[in-house]
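Chemist: following is a predicted model, sequence given first.
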Amino acid sequence: MANAEFKSLLHSEKIFYWELADALGVCENTIVRRLRKELSEQDKAEFSRAIERIKAKRKTA
C-alpha cells in the first residue's frame, strides 16, 4: 500500500485529511490523490513537517 506509514500515522494521531490539507494549504482531495501513489522525498518531508505542526498546535490548545 502506497504511503502506509503516513496513513497509519494520521490514523493513530487522529489527524484528519482536511487538517493536513489545511496545514499544507491545499484541498482535502489533493491529499487523497497524493497519497494514492508513493510520495517523493520532498513531499514526504513536507507532509512530516505539516503533521508535526498539527501535533504541536494541539499541545498548545
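Modeler: The structure has been received and is ready for your questions.
Chemist: list the helices and strands the host helix or strand of residue 10 packs on?
Modeler: For residue 10, the element it lies in under DSSP states H and E is helix 4-12. Other elements packing on helix 4-12 under the criterion 3 or more CB pairs under 8 Å, 6 or more residues apart in numbering; DSSP states H and E are helix 41-60. Every residue, glycine included, has its C-beta placed from N, CA and C.
Chemist: please list the outside residues in contact with the helix it packs on.
Modeler: Helix 41-60 has contacts (CB atoms under 8 Å, 6 or more residues apart in numbering) with 6, 9, 10, 13, 15, 19, 20, 23, 24, 34, 39.
Chemist: among the residues you listed, which one lies nearest to residue 61?
Modeler: Comparing those against residue 61 with CB to CB places residue 19 closest, at 12.4 Å.
Chemist: any idea which helix or strand carries that closest one?
Modeler: Here residue 19, judged by DSSP H and E, is contained in helix 17-24.
Chemist: mind listing what residue 7 touches?
Modeler: Residue 7 makes contact with 1, 35, according to CB under 8 Å, 6+ apart.
Chemist: quick check, pLDDT for it.
Modeler: pLDDT for residue 7: 94.
Chemist: next, the angle helix 17-24 makes with the host helix or strand of residue 33.
Modeler: Assigned by DSSP H and E, residue 33 falls within helix 28-36. Interaxial angle, helix 28-36 versus helix 17-24 (axes from the mean of the first three to the mean of the last three CA atoms, to 10 degrees): 100 degrees.
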